[in-house]
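Trainee: Using only what follows, build the 3D model:
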Amino acid sequence: MKLKTILLGTALTGVTLFASSNLVQAQVCPRIVEVPPAKQTRIIRNDSYGYRFNIPQNYRSMAFRSNTVLIFDPGTFEVAQCYIRTKAPTELPSGISVYATPVNPGNRSVATLVRQNDPTIEKVENTKVANQTAVSYTVNALGYHRSVAFFTPDRRYMITVSAPFNLEQGRPTTIFNKEVFDTVLSSFTFGRS
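Mentor: From the prediction side, this is the model:
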């Protein structure tokens, strides 16, 4: 009986120590201190998909996987880099994402394709981005997001620009970093250069 108690105590201590090491690692990263966007902008290019857009001069972009660009203010960027460096068991902080998905739309519209991919989308509105027909919508997948989707000119990819909503008492209120989200969308263009 004593041996079982000692073994159980040792096993529980080992589990606690293992879990604590991950927590210590995550605590090494600084707290997020959001930095307001500068008025001046700079161009972000993605030659693989032939697009470019502007972000505030002081903001940072990060390639994520082969098809995504994440956009962060400088303070949030440092925390995201820290999470990656320390392999912290957490998701990346909130930011704006631009990602490309291969599609074969045939004669389907971007709105039809978006609805087929996620029938739960809400507040769908037609718009234009980079002279392309686009659809703006709200989705509640891993949190509330406002997304705008449109095809590349050759219709081989669907580009989606997405930003989370700020939440108040668990309900979505305003688009996170809306000014930067709008800058990305209004400056988005296609063309190799």
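Trainee: I'd assumed residue 28 was in contact with residue 82.
Mentor: Yes. At 7.0 Å, residue 82 and residue 28 qualify as touching, with contact defined as CB atoms under 8 Å. Quick note: C-beta positions are derived from backbone N, CA and C, even for glycine.
Trainee: Quick check, pLDDT for the closest residue to residue 36 other than its chain neighbours.
Mentor: By the measure of CB to CB, 6 or more residues apart in numbering, the closest residue to residue 36 outside its immediate chain neighbours is residue 73, 7.5 Å from it. Predicted confidence (pLDDT) for residue 73: 88.
Trainee: how many other residues sit next to residue 73?
Mentor: 23 (other CB atoms under 10 Å).
Trainee: check contacts around it.
Mentor: Taking CB atoms under 8 Å, 6 or more residues apart in numbering, we find residue 73 in contact with 34, 35, 36, 37, 58, 59, 60, 177.
Trainee: Tell me which helix or strand the residue nearest to the spatial centre of the chain sits in.
Mentor: Centroid-nearest residue in the chain: residue 97, 3.7 Å away (criterion: CA atoms, centre = their mean). Counting by DSSP states H and E, the element that carries residue 97 is strand 96-102.
Trainee: buried ones in the very next helix or strand once past that strand?
Mentor: Following strand 96-102 in sequence order, the next helix or strand is helix 110-117 (DSSP H and E). Using 16 or more other CB atoms under 10 Å as the test for burial, helix 110-117 gives 110, 111, 113, 114, 115.
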